[in-house]
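[1] Pasting a predicted model and its sequence here:
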Amino acid sequence: MFFGAGAYYCEENNLGRDIGVEEALDVLEKGRKAGLVLQPSNSQNPATLCMCCGCCCLFLKNIKAMDKPGRYVHTSYYARVDEESCVACGACADRCHMDAITVDETAHVNPDRCIGCGVCVTECPSGAMLYKQKEKPDQYVPPVHIYETFMNMAMERGKP
């Protein structure tokens, strides 16, 4: 999905069409049911929102190949297991795009692999998978505008 000027550009160039709130919510619900990872553009006012799977999305595939993807993806949340409620069904592990969850008597989340997408939380039939906010020093606040994101990336490369 594109928002703002990006949406206008896509519509004006026949690359997309305008949808209302109800249809957008329906699309998001279909993505949730399919186990897709929501990936907004990196700003407080996102210009885009992708819904991706770990088998087709180049970004997710590359992140998954890293030893510790949870350390490289900016998120202020992580998955946690309420071990008393966990029935060890494995639904969460099946849905995890980063292989961050293992299951024996209960599910266990590897924080170095968890990217905080929440896909496991929405699938848990017993409600044992929880979505928790990280402590203040580990929370991520994205730039206000996408322009700042790109400028920050350029500065990191040494090419302002």
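    Alright, I've got the coordinates. Residues are numbered from 1 along each chain as shown.
[2] Flag the shaky bits of the protein, pLDDT-wise.
    Within the chain, the ranges that satisfy pLDDT under 70 run 159-160.
[3] center of it - which residue?
    Nearest to the mean C-alpha position of the chain, by Cα atoms, centre = their mean, lies residue 117 at 3.6 Å.
[4] Which parts of the chain are helices?
    4-12, 21-33, 58-64, 91-95, 119-123, 146-157 (DSSP state H).
[5] Format those as a markdown table; extra columns: distance to residue 81.
    Every C-beta, even on glycine, is put in place using the N, C-alpha and C of the backbone. Output for the helices of the chain, formatted as a markdown table (distance: least, Cβ to Cβ, whole Å):
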| stretch | distance to residue 81 |
| --- | --- |
| helix 4-12 | 38 |
| helix 21-33 | 20 |
| helix 58-64 | 21 |
| helix 91-95 | 8 |
| helix 119-123 | 9 |
| helix 146-157 | 32 |
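[6] Let's have the ones you listed in TSV, adding mean neighbour count.
    Output for these, formatted as TSV (neighbours: other Cβ atoms under 10 Å):
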stretch	mean neighbour count
helix 4-12	13
helix 21-33	12
helix 58-64	15
helix 91-95	20
helix 119-123	21
helix 146-157	12
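[7] Which of the ones you listed sits closest to residue 108?
    Closest to residue 108 of the helices of the chain, according to Cβ to Cβ: helix 91-95, at 9.3 Å.
[8] Please list the residues outside that closest one that contact it.
    By Cβ atoms under 8 Å, 6 or more residues apart in numbering, the surrounding residues in contact with helix 91-95 are 35, 79, 81, 101-103, 107, 119-121, 123-125, 129.
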